[in-house]
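Novice: Okay, here's the prediction I keep looking at, along with the sequence it came from:
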Amino acid sequence: MHKVGFGYDIHRLEAGRRLVLGGLDIAFEAGLAGHSDGDALVHAVIDALLGALGEADIGTRFPDTDPRYKDARSLGLLETVAGLVRSRGGEIVNIDTVVVAEEPRIGPRAAAMKAVLGPVLGLAPEAIGIKAKTNEGLGPVGEKRAIACYAVALVRFPG
Ligand code: MG
């Protein structure tokens with residue numbers, strides 16, 4: 001049996017904060033605000049995996065009121081959720097994502113993101129999609145005030 005999950009996240013860009021996206025540290029003038037490191041791409045993937053398990057969202061599992069998750073590495077949270085998938089007998093088949101950002105350019109960094117996410121998810125690069133879009137200058141994402149991410153995950157279960 002296969003189950004699909006879907007995730008979405010958006011974080012504000014804040015000047016002077018370090019930018020962490022897709023598990024990468026990216027040199028940029030602004031970073032994603034958040035209780036954790038603000039990695040909206042990893043958060044969207046986490047929600048997609050939780051969705052495939054029929055579980056509540058990332059904010060329920062890792063509350064931003066909990067000091068344990070202050071400045072938490074989102075990649076560590078992804079590791080925890082990938083472990084949860086395995087503990088339920090699930091095997092992640094593939095993930096596909098869209099990053100919506102005017103800046104910085106994501107496309108040239110997609111391969112490096114796959115190299116970071118792959119081992120955590122147990123996926124080869126060709127089982128990870130990272131597609132980069134701008135928002136055509138429209139809305140808060142288009143005005144470079146935020147980065148939004150979408151993700152789907154397919155999980156295979158025995159039986
Ligand atoms: Mg988030």
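Specialist: Structure received. None of these values were measured; they are calculated from a predicted model. Numbering: from 1, shown residues only.
Novice: since we're on the residue of the chain found nearest the ion, how many residues are nearby?
Specialist: Closest residue of the chain to the ion, CB to the ion: H43 (3.6 Å). Every C-beta, even on glycine, is put in place using the N, C-alpha and C of the backbone. Per other CB atoms under 10 Å, the neighbour tally for H43 reads 28.
Novice: So which other helices or strands are in contact with the helix or strand it falls within?
Specialist: For H43, the host element (DSSP states H and E) is helix 40-52. For helix 40-52, the elements it packs on are strand 2-15, helix 58-61, helix 74-87, strand 91-100, helix 110-121, strand 146-156, judged by 3 or more CB pairs under 8 Å, 6 or more residues apart in numbering; DSSP states H and E.
Novice: hang on, the earlier thing: how much space separates the residue of the chain closest to the ion from E126?
Specialist: From H43 over to E126 the distance is 23 Å, taken as CB to CB, to the nearest Å.
Novice: Quick one, grab the pLDDT at the spatially most central residue of the chain.
Specialist: The centroid of the chain falls nearest to V42 when counting by CA atoms, centre = their mean (1.8 Å). Note for V42: predicted pLDDT of 98.
Novice: who's in contact with it?
Specialist: Contacts for V42 (CB atoms under 8 Å, 6 or more residues apart in numbering) come out as 22-23, 74-75, 77-78, 117.
Novice: try L19
Specialist: Here L19 is in contact with 25-28, 30-32, 104 (criterion: CB under 8 Å, 6+ apart).
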